[in-house]
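[1] Make a model of this:
(chains A, B, C and D)
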There are 2 protein chains.
Amino acid sequence: MSTQQGFERRYQAPEREPIIEVDERLFLKSAARSFYVLEAFARSPRPLSLAEVAKGAKISKSAAQRVVQTLLVLGYLERSPTGTGVIPGRRILDRSFDYLRSNPLIERATPILTELRKTCGERVDLSLFDDVTILYAIRLQSKRETFYATLSGRRMPTFATAGGRAMLACLDDRHADDIVRRSKLAPLTPKTLVDPALIRQRVEEARRDGYAYVLEESLLGEIVVAAAVIKERNMPVGAIHIAGSLADWSAEDFRKRFAPLAIEAARALSG
Amino acid sequence: MSTQQGFERRYQAPEREPIIEVDERLFLKSAARSFYVLEAFARSPRPLSLAEVAKGAKISKSAAQRVVQTLLVLGYLERSPTGTGVIPGRRILDRSFDYLRSNPLIERATPILTELRKTCGERVDLSLFDDVTILYAIRLQSKRETFYATLSGRRMPTFATAGGRAMLACLDDRHADDIVRRSKLAPLTPKTLVDPALIRQRVEEARRDGYAYVLEESLLGEIVVAAAVIKERNMPVGAIHIAGSLADWSAEDFRKRFAPLAIEAARALSG
DNA sequence: GCATGTGTATCGGCGGTCGATACAACCGTT
DNA sequence: AACGGTTGTATCGACCGCCGATACACATGC
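    The predicted structure follows:
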């Protein structure tokens, strides 16, 4: 049962090494290549020429040609309207629809988040735990937002986000420290904490209070409170974020007012 | 499924045949197989066993085993938390993020939709034209919504949605009729129009008025107005929808009030 | 016990893919 | 108008990666 590595590896206790590297004989290199091509757009979100695709996916031009042709047919790539190059295709959204629909957490969370958004009037997010990053799955924006604050699928470093810290607080110290250690501790704003000791202190605070908060650590002028959604065994699966602007709130008022709401919503989703 | 057959064909004038059948020699069957596996979850959004994957993707159990192993490693599939079977993986959301971020229309539309949502207080959607279906790309929900009304990536039939009809109104009659003809005219609610003549009449109305509306045709109790976003040559690329509840509005009031807003927003995005 | 489900593992042979290479069309420059 | 730089397209023989039948371990339920 404990075969399979790769993905679950991230969820293993940090002292454990991956048991077996993935079975080389079952890994389809040619299938993986297609995904490498799609992933090239993560690095440069613009139309890519065949040569750029080849370079981005680290495959030969011939291979890129075949993959691109195939993905065009399937709809996972489209020809750029500018006439040259290809861009991600609409069919990708179908798959994300399947993902969201297949995930019971998302379905259960939606009405709760909607309600929360209504009572708060601030931005409300559901993020998913994924090792050194968190992944926004649902985002209910408030009045004004930056473009990226509206996109689900965005990843952020676990160590520098309220939801991330709330989830770290659910793990044992060793595991949490391991995640911080493996994180690239690059500041997102001048106020981002990058000292592991300070981060650990905030995580311990979160463990004590039942919620985490960050002040302008991922976006200047923004305050976020978050509470973790846990499965059995205290395993964090996601977090509920409430984000507001320091133009509207003092940090103290914001925490006092919204932290209990985040905690309550997270508890309703847990277990 | 009709995935085969090429994407471009859909955008051609209906009298034109697909120019080039996809070059068989460039189409990577083994790469396509992986996507067939992911697409199996569109039909049954629950954990699938290896045998079900094989059946859903129409491949052998051995092939399914290899594909599943590969996609698990890449993160596009995950083991079901129930212990048996696999489900779509989080990594899919990364790709949809890339898609949304790569699409200039989405980026330009986001602030406009946000503003629109604020002034309307009702649900606001951006849909993309895709032949017989439309595809919701951005959804800004109002207070209360059904789960599916919140998911981007959802597809709806073009003929039965306000945005779809607004886009049909941009095409010439022959093309619009062709789309209706190729649509599966199954009613979504008791009020869905399925008579091609009646649909055409509504499309002509939309062409005259500059916007389309539907009354309980896709969801009982819901009224939607929509205006098309066009590129050059009147080619529709998407539509802006404003959706409200008949519990709050009379049909007349809703149209009078919101149609101009949808038209204005769509015009700001066009060209 | 047996039947039926799950996921995992093996291996020889066939054929699908590899990638160098060549080509047509379109740009700007000079 | 020939150039060097793109772009996407097309071809083909050789190799090796994948195909899929098959067998296994382990759970269920009756």
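
[2] tell me the pLDDT at A:Trp165?
    For the record, residue A:165 is Arg, not Trp. For A:Arg165, the pLDDT comes out at 98.

[3] Likewise for the one 5 residues further on?
    A:Cys170 is assigned a pLDDT of 96 by the prediction.

[4] and if you look at A:Arg91?
    pLDDT at A:Arg91 comes out at 97.

[5] same thing with A:Ala13?
    pLDDT, read off for A:Ala13, is 34.

[6] again, but for A:Arg9
    A:Arg9 is assigned 32 on the pLDDT scale.

[7] so who does A:Lys58 touch?
    Residues near A:Lys58 by CB atoms under 8 Å, 6 or more residues apart in numbering or on different chains: A:Tyr36. C-beta: built from backbone N, CA, C; applies to glycine.

[8] Just the element for the residue located most distally from the centre of chain A, please.
    Centroid-distance maximum for chain A: A:Ser62 at 33.7 Å, with CA atoms, centre = their mean. Per DSSP states H and E: A:Ser62 is located in helix A:61-74.

[9] tell me the mean pLDDT over the helix or strand following that helix?
    Using DSSP H and E, the helix or strand that follows helix A:61-74 towards the C-terminus is strand A:77-79. Taken as a whole, strand A:77-79 has a mean pLDDT of 95.

[10] Report whether the following helix or strand past strand A:77-79 contacts DNA strand D.
    Beyond strand A:77-79 on the C-terminal side, the first helix or strand identified by DSSP H and E is strand A:86-88. Yes - using CB under 7 Å from any atom of the strand, strand A:86-88 reaches DNA strand D at A:Val86.

[11] quick one, what contacts the closest residue to A:Leu246 other than its chain neighbours?
    Leaving aside its sequence neighbours, A:Leu246 sits nearest to A:Gly221 (CB to CB, 6 or more residues apart in numbering or on different chains; 5.1 Å). Taking CB under 8 Å, 6+ apart, we find A:Gly221 in contact with A:Ser245, A:Leu246, A:Ala247.

[12] roughly how far apart are A:Gly221 and A:Thr161?
    Distance of A:Gly221 to A:Thr161, given as CB to CB, to the nearest Å: 16 Å.

[13] Longest helix of chain A, counting residues only.
    helix A:251-269 (DSSP state H).

[14] Any buried residues in it, and which?
    By 16 or more other CB atoms under 10 Å in any protein chain shown, the buried positions in helix A:251-269 come out as A:Phe254, A:Arg255, A:Phe258, A:Ala259, A:Leu261, A:Ala262, A:Ile263, A:Ala265, A:Ala266, A:Leu269.

[15] Next, work out how far apart the fourth one and A:Arg267 are.
    Distance, A:Ala259 to A:Arg267, by CB to CB: 12 Å.

[16] Please see if the longest helix of chain A touches chain B.
    No - Helix A:251-269 is not in contact with chain B by CB under 8 Å from any CB of the partner chain; minimum separation 14.2 Å.

[17] Report the mean confidence score over that helix.
    Mean predicted confidence for helix A:251-269 is 97.

[18] again with stretch A:117-134
    In this model, stretch A:117-134 has an average pLDDT of 95.

[19] Give the buried residues for it.
    Residues of stretch A:117-134 classed as buried by neighbour count (16+ other CB under 10 Å): A:117, A:120, A:122-130, A:132-134.

[20] Next, see if that stretch gets close to chain B.
    Yes - counting by CB under 8 Å from any CB, chain B has neighbours in stretch A:117-134: A:Lys118, A:Leu128, A:Asp130.

[21] ok, now stretch A:89-109?
    Yes - Stretch A:89-109 is in contact with chain B by CB under 8 Å from any CB, via A:89-90, A:92-103, A:107.

[22] That stretch: how far from the chain's middle?
    15 Å (CA atoms, centre = their mean, to the nearest Å).

[23] got it, and stretch A:117-132?
    11 Å.

[24] Could you do stretch A:123-140 as well?
    With CA atoms, centre = their mean, you get 5 Å for stretch A:123-140.

[25] Render the CA-only coordinates of that stretch in PDB, please.
    C-alpha atoms of stretch A:123-140 as PDB (Å, rounded to 0.1, in the frame of the first residue of the first chain):
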ATOM      1  CA  ARG A 123     -12.600  38.900   0.200                       C
ATOM      2  CA  VAL A 124     -13.000  35.300   1.200                       C
ATOM      3  CA  ASP A 125     -10.700  32.500  -0.100                       C
ATOM      4  CA  LEU A 126     -10.400  28.700   0.300                       C
ATOM      5  CA  SER A 127      -6.900  27.500  -0.100                       C
ATOM      6  CA  LEU A 128      -5.600  24.000  -0.300                       C
ATOM      7  CA  PHE A 129      -2.500  22.700   1.500                       C
ATOM      8  CA  ASP A 130       0.200  21.500  -0.800                       C
ATOM      9  CA  ASP A 131       3.500  21.300   1.000                       C
ATOM     10  CA  VAL A 132       5.600  24.400   0.500                       C
ATOM     11  CA  THR A 133       2.800  26.200  -1.300                       C
ATOM     12  CA  ILE A 134      -0.900  26.700  -0.800                       C
ATOM     13  CA  LEU A 135      -3.200  26.700  -3.700                       C
ATOM     14  CA  TYR A 136      -6.200  29.000  -3.900                       C
ATOM     15  CA  ALA A 137      -9.300  27.000  -5.000                       C
ATOM     16  CA  ILE A 138     -12.200  29.300  -4.400                       C
ATOM     17  CA  ARG A 139     -12.000  33.100  -4.300                       C
ATOM     18  CA  LEU A 140     -14.900  35.400  -3.600                       C
END
